[in-house]
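K.L.:
model the structure of this input:
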Amino acid sequence: MKPIHTDRLAIRNFRVGDAEALFAYLREPTVSCFFSLKLADLAAAEKEVLKRAGNDEYLAVCLQESGQLIGDVFIHPDAAWPDDPEQPQQPDTVSVGWNFNPLFSGKGYAFEAAKAVFAELFTHQNKRRIYAYVEDHNASSRRLCEKLGMRREGLFLEYVTFQNDSAGNPIYENTMQYAILRHEWNER
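P.N.:
Reported below is the predicted structural model:
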């Protein structure tokens, strides 16, 4: 993807040299939905960076002045019917999310990055619908979705599990779905 620049951020594809900064926030993910992305060491981070550098699914969010990687925004093509090959994907619909180094939270960087990515998706990539899944206990991501103009479409009770309790039983989390349509974005 062509780099996106905002007042404070540069949003670009991952590249060699990003491993240390990626490891800084994926060695101990703070949000349960990212537990599966946990990186064991710098070598694992280097492999992950190479994987991410090969496509536009994960975009590196960097400070404009220093170039420091502070997080990422991810864009996944819609897989509305993953269990039914007869149902086509919706190429005009994408799922998005974000993951930032906690050292940079509370400064508006996630909003600035997501807003720029949404504008790119709606304006230049002609997407019709953007949606996000957020666990109900992730208040900061819920607020971010609402600040972006997304509406809550549903609550899935005990929808997904990312960890087990001490007895090895899955801990299921409630998940909310937020979405915004291109015409809603344009009307903002």
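K.L.:
any low-confidence regions in this structure?
P.N.:
32-35, 79-89 (pLDDT under 70).
K.L.:
sheet partners, orientation included, of whichever strand or helix holds Leu59?
P.N.:
Assigned by DSSP states H and E, Leu59 falls within strand 58-63. Looking at strand 58-63 with DSSP bridges, its partner strands are strand 9-13 (antiparallel), strand 69-77 (antiparallel).
K.L.:
and those strands: which comes nearest Glu46?
P.N.:
Across these, Glu46 has its closest neighbour in strand 69-77 (13.4 Å, C-beta to C-beta). All C-beta atoms are positioned from the backbone trio N, CA, C, and that covers glycine.
K.L.:
buried residues, stretch 133-151. List them.
P.N.:
For stretch 133-151, a neighbour-count test (16 or more other C-beta atoms under 10 Å) marks 133-135, 138, 141-142, 144-145, 148, 150 as buried.
K.L.:
using PDB, list the CA coordinates for it.
P.N.:
As requested, the backbone C-alpha atoms of stretch 133-151 are provided in PDB (Å, rounded to 0.1, in the frame of the first residue of the first chain):
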ATOM      1  CA  TYR A 133     -14.800  -6.900  16.400                       C
ATOM      2  CA  VAL A 134     -14.100  -5.700  19.900                       C
ATOM      3  CA  GLU A 135     -14.300  -7.700  23.200                       C
ATOM      4  CA  ASP A 136     -16.800  -6.000  25.600                       C
ATOM      5  CA  HIS A 137     -14.100  -5.400  28.200                       C
ATOM      6  CA  ASN A 138     -11.900  -3.500  25.800                       C
ATOM      7  CA  ALA A 139     -13.300   0.000  26.600                       C
ATOM      8  CA  SER A 140     -10.600   1.900  24.800                       C
ATOM      9  CA  SER A 141     -11.300   0.100  21.500                       C
ATOM     10  CA  ARG A 142     -15.000   0.500  21.900                       C
ATOM     11  CA  ARG A 143     -14.600   4.300  22.400                       C
ATOM     12  CA  LEU A 144     -12.300   4.400  19.400                       C
ATOM     13  CA  CYS A 145     -14.900   2.700  17.200                       C
ATOM     14  CA  GLU A 146     -17.500   5.200  18.400                       C
ATOM     15  CA  LYS A 147     -15.200   8.200  17.900                       C
ATOM     16  CA  LEU A 148     -14.700   6.900  14.300                       C
ATOM     17  CA  GLY A 149     -18.400   7.000  13.800                       C
ATOM     18  CA  MET A 150     -18.900   3.300  13.800                       C
ATOM     19  CA  ARG A 151     -22.200   2.000  15.200                       C
END
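K.L.:
touching, Trp98 and Val73? I think so.
P.N.:
Yes. Using C-beta atoms under 8 Å, Trp98 is in contact with Val73, at 5.0 Å.
K.L.:
mutual contacts of these two, please.
P.N.:
Common contact partners of Trp98 and Val73 (C-beta atoms under 8 Å, 6 or more residues apart in numbering): 61, 113-114.
K.L.:
now the residue nearest in space to the middle of the chain: how far from Asp56?
P.N.:
Taking C-alpha atoms, centre = their mean as the criterion, Gly97 is the residue nearest the geometric centre of the chain, at 2.1 Å. Look at Gly97 and Asp56: by C-beta to C-beta, to the nearest Å, they are 14 Å apart.
K.L.:
many thanks, we can stop here.
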